[in-house]
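*Asks:* Got a predicted structure plus its sequence, pasted below:
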Amino acid sequence: MEEVDVEPSPMLIPSAGFHQRHLGFEWGPGDLLVYETNYKLQGPRSAGSPLVHVVRKDEDICSPILRKLFNESHLIFVGLQKIKEDVPSKNKKSQFVSISKNYRSVIRACMEELQQNAVSAQDGSLASQYGDQVSILLAIELIWNLCEVLFIDAAPAGSLLLHLLDWVRLHKSDVDARAREVLQSESPAQHQSYWDVVISLVLQGRMDEARQVLSKQASLRAESSSVFKRMDVLLQTMPIFNPTGTQTLTEFDVKWRHWHEECDRCLQDNTFASNRHLETIVKILVGDEDTILEQKELLSTWYHFLVTRLLFTHPTIKPPDLHYYAQSSMNMFLGPRAPPEPLDIILLSAFEFDLHQVIKDCSIALNNWWFVAHLTDLLDHCKLLQSHNLHFGSNLREFLVLEYASGLFTHHSLWQLAVDYFDHCPEFGRVYLELQIERIPLDTERKAIKVLRICEDRQMSEQVRSICKIMAKRALRNNRLGSALSWSIRAKDAAFATLISERFLQDYCNKGSFTDLDLLDNLGPAMLLSDRLTFLGKYREFHRLYGENRFSEAAKLLLSLMTAKIAPRGLWMTLLTDALPLLEQKEVIFSVDQTYELMSCLEELNTGTKDSNTTDQDEDIESTKTELLRLALARNLAMAIVKEGTIET
Amino acid sequence: MDPTAKYISQKISRTRWRPVPAGLLQQPEVFAAGSWDNESNRVSIWSLGDDDSDTDGEFDEEPRLLCDSEHDGDVTDLQFLDGDRLVSASSSGAVAILKLQPDCQALSLAHVWERAHRYSCDNAPCTAVVCRSPELVSVGEDGRVILYKADQTEVVRVIENADSSTIHAVTFLRTTEVLTVNSIGQLKMWDFRQQSDSPAQILSLTGDRVPLHCVDKHPNQQHIVATGGQDGMLCIWDVRQGNTPFSLIEAHSAEMWEVHFHPSNPNHLFTCSEDGSLLHWETTSGSDMSTLLQRGWNSRVVSHSGVPLAGEDDSVVSSWLAGDSSKNRLEATHMLPSQTLSVNSLDVLEQCLVCGTDGEAVYVHRQLPNFSI
């Protein structure tokens, strides 16, 4: 067995395993069944808990708000698969980025709704549950955004930092709230968070906004306004790389170095010595790591520290160099004693461009395959995953999508989404779908019709047949012969159609008349599905013709039923008995040849082996019938010969 | 204009507009939605919010939930009996009347006929219900047709064994006549004035007996009926004419779940299907009299039955019975922006369209494009 990456955490199952009883278990598609057992095969029976516990790892699937995530992302997933291969790669990249943004906006929408619910929830445990889900979604969105910046958008040096700045700004939104609070207060400059806001804005590289807040201060103190003006100029002249502009990276670098020297000069000249806050700001602008590190409270995360550090020391950072800074930033920020959280490790792996490690760590940390499946699928479309064949045959993307879809299938409602996911797994998707789709409980015909449509669209004829058989059998048990027949027609199941026809005929023999005439009279081409069914249809037609007094046609039909061997042997007696009234008619209906054929049928019937179980009474009845028939046939023969021999004059 | 989508965390089996009081030229604002395939199903009432007149016209209000109530079994059909009563059909075989409190604050159960549809040892799902206040008719998988009165606790009449196969949908033709469609492709007309339990008339397509899933009557002309079936074919029938439909149109590539004539503008027809599309059919009826005579006469001669309808008022000849479904007479437009999972239900009233899908989303069009009354 492979080594485990993480020590598994034990889960307590309430009311199981007391008194040292053994626990047995069985894996299901999405959950685990646990029960108390004796373990030894023989031995005295002892009272144990009669309960079977269902242990489910993924509780998110039951959350109504997260369901929206699953549904909306399903639409995006299907849209992504439809992107054609032949579009040039530059256009594709922008498409992929917009798809990534779609996914993220769906996550954000869910997060907001969960947040609202967490705030308004009455129940404490429910509120904390919502809170947990919010923080997980926050982490997911953070990781996804970083992956989008680093891998999908794959920004080159220069714009890389800009994207990272955006990323940090998006995930540190309290700065805006605080800035608003300060600006809206009566005297912003006296507000206690004033300098915190200014420094936070500077740390995030939002120079214009920092200048705006700073100007509130400048208007108050006329005497030190020159110092503030100086700072204002410094902040204003900070060069920002413009990716769409004509400036090359080297030009930008040169400009930035000039500006950096300027800031350094201000620091050396002690220009801002009068105001310690401004002094701090200029130290930050120079890129003094210790000063930036002092702002731990305002930065709050090591990756913010990383980006700020890069902004003021190395704005033209190239992607491959990122990981040096990432590792050192994390170490500096967290200190030697604090162990890194799983999220930190994942982000670090992302900075190191180790995709597989990111995916692996996320799979372990999260209890639901949603995130890794969708992200891996998107990265695979961007052709970023090497074909990394796993021991179990399929590639990483397919494995994750299959796992996610299998999890969906265990849900009573979301199984319909899973079908589309299976469709886009070329190697094993079909097999998985074939196995899973038969196990969906079918309570109503409508659900069965939907499941059948899924199977028929994919030419899964085995599954179609089995589902139709289940529905037909159920209909038969409830005496709905018409429904049963329509199901067997759909499955083109000749054997079952035969069974149903037998049932009809049995009913006829018992009751003497047909039930469900509306069905039998309107079989149409479906009659040809099975021989027995054809016989049934034609037999009913015979009765109808007889009822309409169209005797000669009825007679012809009856004869053809017997001679063409469509009629089952057991019913020949009944058919011959039906022929009796036709034979007894005043006018001759059966011709000589037809009568001879009837006679031969009768003899064939009688020469068959006698059933030893028939009682004497039955044998008597049988022989009486045979005698009557023989008499009638003989009389008819006589009349027919005479009629055919007569020449009309 | 694209419809507004709202994800409601349950697969939707039926959506219905709440009827607007007659005479007031209001657009409908409240709709009901029923769910299916959930461990606990619900009937919920949604509101579209205020009209756009005072806010920016571009702003799309998402529907918001007003109230809901638990429902035992899947909601297989939903119909408004009147402004505050709702009838629901359940997969447990029950038919229930739900009462909507004023201001839509709550939805409560007023009366339920438990096990109206049943087998001898099991529950039979009720598949459809139709109302013409105060009467209700329900049909189910057990092949029964049951007549109720809204205020009476006992059922008024049961037609046992009306059908040997499942009856999928029902509609009122006249006050005492209903039309049902079943899973062997037959339309049966039942007259409640007659004592016998057999249908007054049976119509079906020759050829393959394709199950029919939905039926709707033309609002003004009681003999014109549209049906949709398992193969996605839209058929227009004239029930006086007998055994063959007037037009057969290949509408969808999978089962058609609902077909609706627009109640006040019957030249418009809407269909929705398992293949994820919702189509809006418009037939141009040629208001110019001369073109009507030219085209109208010619196409009637070419029509299916070949026999001109006796006693028919020429100017009222319905464009649906023209039998000619070539493109210049019948246009179809997709109403949903992209392919979704199955669209299970739709309802249309005045200028508003609402539909529900298996992707757990409700789509609302507040202003039907290309729609003129």
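*Replies:* Great, that's in hand. Everything numeric in this text was worked out from a predicted model, so none of it was measured.

*Asks:* which bits of the stretch 51-200 of chain B sit near chain A?
*Replies:* B:74, B:76, B:91, B:119-122, B:124-125, B:127, B:141-143, B:163-166, B:182-184, B:186, B:188, B:199 (C-beta under 8 Å from any C-beta of the partner chain). Using the backbone N, CA and C atoms, a C-beta is placed for each residue, glycine as well.

*Asks:* where exactly do the strands run in the stretch 1-150 of chain B?
*Replies:* B:4-7, B:12-17, B:30-35, B:41-47, B:64-71, B:75-82, B:85-90, B:95-100, B:107-113, B:126-132, B:135-140, B:145-149 (DSSP state E, counting those that start in this stretch).

*Asks:* Burial check on the residue nearest to residue A:170 when sequence neighbours are not counted, number of neighbours?
*Replies:* Closest residue to residue A:170 apart from its sequence neighbours, by C-beta to C-beta, 6 or more residues apart in numbering or on different chains: residue A:145 at 6.7 Å. Look at residue A:145: counted by other C-beta atoms under 10 Å in any protein chain shown, it has 20 neighbours.

*Asks:* Give the other helices and strands that the host helix or strand of residue A:145 contacts.
*Replies:* Using DSSP states H and E, residue A:145 maps to helix A:124-147. With contacts taken as 3 or more C-beta pairs under 8 Å, 6 or more residues apart in numbering or on different chains; DSSP states H and E, helix A:124-147 sits against helix A:89-120, helix A:159-170, helix A:342-351, helix A:355-365, helix A:370-381.

*Asks:* Quick one: the strands in chain A, in order.
*Replies:* Along chain A, counting by DSSP state E, strands occupy A:22-27, A:31-37, A:52-56.

*Asks:* Drop anything exposed from the residues of the stretch 51-200 of chain B next to chain A.
*Replies:* B:74, B:76, B:91, B:119, B:124-125, B:127, B:141-143, B:163-166, B:182-184, B:186, B:188, B:199 (16 or more other C-beta atoms under 10 Å in any protein chain shown).

*Asks:* any idea which helix or strand comes after the worst-scoring helix or strand of chain B on mean pLDDT?
*Replies:* Ranking every helix and strand in chain B by mean pLDDT, DSSP states H and E puts helix B:297-302 at the bottom, with a mean of 29. Once helix B:297-302 ends, the next helix or strand along the chain (criterion: DSSP H and E) is strand B:330-334.

*Asks:* which residues of the stretch 151-300 of chain A fall in helices?
*Replies:* A:159-170, A:174-184, A:194-203, A:207-220, A:225-236, A:249-268, A:276-286, A:289-294, A:296-299 (DSSP state H, counting those that start in this stretch).

*Asks:* what are the C-alpha coordinates of the first one, in PDB please?
*Replies:* If I follow you right, that is helix A:159-170. Extracted C-alpha coordinates of helix A:159-170, given in PDB (Å, rounded to 0.1, in the frame of the first residue of the first chain):
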ATOM      1  CA  SER A 159       2.000  42.500 -15.600                       C
ATOM      2  CA  LEU A 160       2.500  39.600 -13.200                       C
ATOM      3  CA  LEU A 161       2.900  42.000 -10.300                       C
ATOM      4  CA  LEU A 162      -0.100  44.000 -11.300                       C
ATOM      5  CA  HIS A 163      -2.200  40.900 -11.400                       C
ATOM      6  CA  LEU A 164      -0.900  39.800  -8.000                       C
ATOM      7  CA  LEU A 165      -1.700  43.200  -6.600                       C
ATOM      8  CA  ASP A 166      -5.300  42.800  -7.900                       C
ATOM      9  CA  TRP A 167      -5.400  39.400  -6.300                       C
ATOM     10  CA  VAL A 168      -4.300  40.700  -2.900                       C
ATOM     11  CA  ARG A 169      -6.700  43.700  -3.100                       C
ATOM     12  CA  LEU A 170      -9.600  41.500  -3.800                       C
END
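
*Asks:* Give me the distance between the one residue in chain A that gets nearest to chain B and residue A:627.
*Replies:* In chain A, the residue that lies nearest chain B is residue A:482 (3.0 Å; C-beta to the nearest C-beta). Look at residue A:482 and residue A:627: by C-beta to C-beta, to the nearest Å, they are 40 Å apart.

*Asks:* do the same with residue A:561
*Replies:* For residue A:561, the distance to residue A:627 - C-beta to C-beta - is 23 Å.

*Asks:* And these two? Which one has more around it.
*Replies:* With neighbours defined as other C-beta under 10 Å, residue A:561 and residue A:627 compare such that residue A:561 has more, 21 against 10.

*Asks:* Would you agree the more buried one is in contact with residue A:542?
*Replies:* Yes. Judged on C-beta atoms under 8 Å, residue A:561 makes contact with residue A:542 at a distance of 7.2 Å.

*Asks:* Can you read off the pLDDT for residue 132?
*Replies:* Here I'm looking at chain A. pLDDT for residue A:132: 88.

*Asks:* wrong one, I was asking about chain B
*Replies:* Per-residue confidence (pLDDT) for residue B:132: 89.

*Asks:* again with residue A:485
*Replies:* 84.

*Asks:* Surely it touches residue B:182?
*Replies:* No. At 11.8 Å, residue A:485 does not count as touching residue B:182 under the criterion of C-beta under 8 Å.

*Asks:* Identify the residues contacting the residue of chain A closest to chain B.
*Replies:* Neighbour list for residue A:482: A:516, A:518, A:519, B:143, B:163, B:164, B:165, B:166, B:182, B:183, B:184 [criterion: C-beta atoms under 8 Å, 6 or more residues apart in numbering or on different chains].

*Asks:* ok, and the closest non-adjacent residue to the first one?
*Replies:* This points to residue A:516. Closest to residue A:516 by C-beta to C-beta, 6+ apart is residue B:164, at 3.7 Å.

*Asks:* Check the fifth one too.
*Replies:* The shortest distance from residue B:163 to any non-neighbouring residue, by C-beta to C-beta, 6+ apart, is to residue B:143 (4.1 Å).

*Asks:* Hmm, the one you found is touching residue B:158, no?
*Replies:* No. In this structure residue B:143 lies outside contact range of residue B:158 using C-beta under 8 Å: 11.1 Å.

*Asks:* and for those two, which residues touch both?
*Replies:* By C-beta under 8 Å, 6+ apart, no residue touches both residue B:143 and residue B:158.

*Asks:* I'd like the distance between the residue of chain A closest to chain B and residue A:532.
*Replies:* Distance from residue A:482 to residue A:532, by C-beta to C-beta: 16 Å.

*Asks:* now the stretch 351-500 of chain A, which segments are flagged as low pLDDT?
*Replies:* A:386-394 (pLDDT under 70).

*Asks:* which ones are touching the most centrally placed residue in chain A?
*Replies:* Central residue of chain A (C-alpha atoms, centre = their mean): residue A:418, 3.0 Å from the mean position. By C-beta under 8 Å, 6+ apart, residue A:418 lies in contact with A:405, A:406, A:408, A:409, A:436.

*Asks:* ok, residue 27 - how many residues close by?
*Replies:* Reading this off chain A. With neighbours defined by other C-beta under 10 Å, the count for residue A:27 comes to 8.

*Asks:* nope, chain B
*Replies:* Here the count is done by other C-beta under 10 Å, and residue B:27 has 14 residues near it.

*Asks:* Likewise for residue A:516?
*Replies:* Counted with other C-beta under 10 Å, residue A:516 comes out at 19.

*Asks:* what does residue B:189 give?
*Replies:* 17.

*Asks:* got any ranges where chain B has weak pLDDT?
*Replies:* B:1, B:50-60, B:285-319, B:321-329, B:370-373.

*Asks:* Pretty sure residue B:154 sits in a strand.
*Replies:* No. Residue B:154: not assigned to a strand; according to DSSP: H, G, I helix; E, B strand; the rest coil it is coil.
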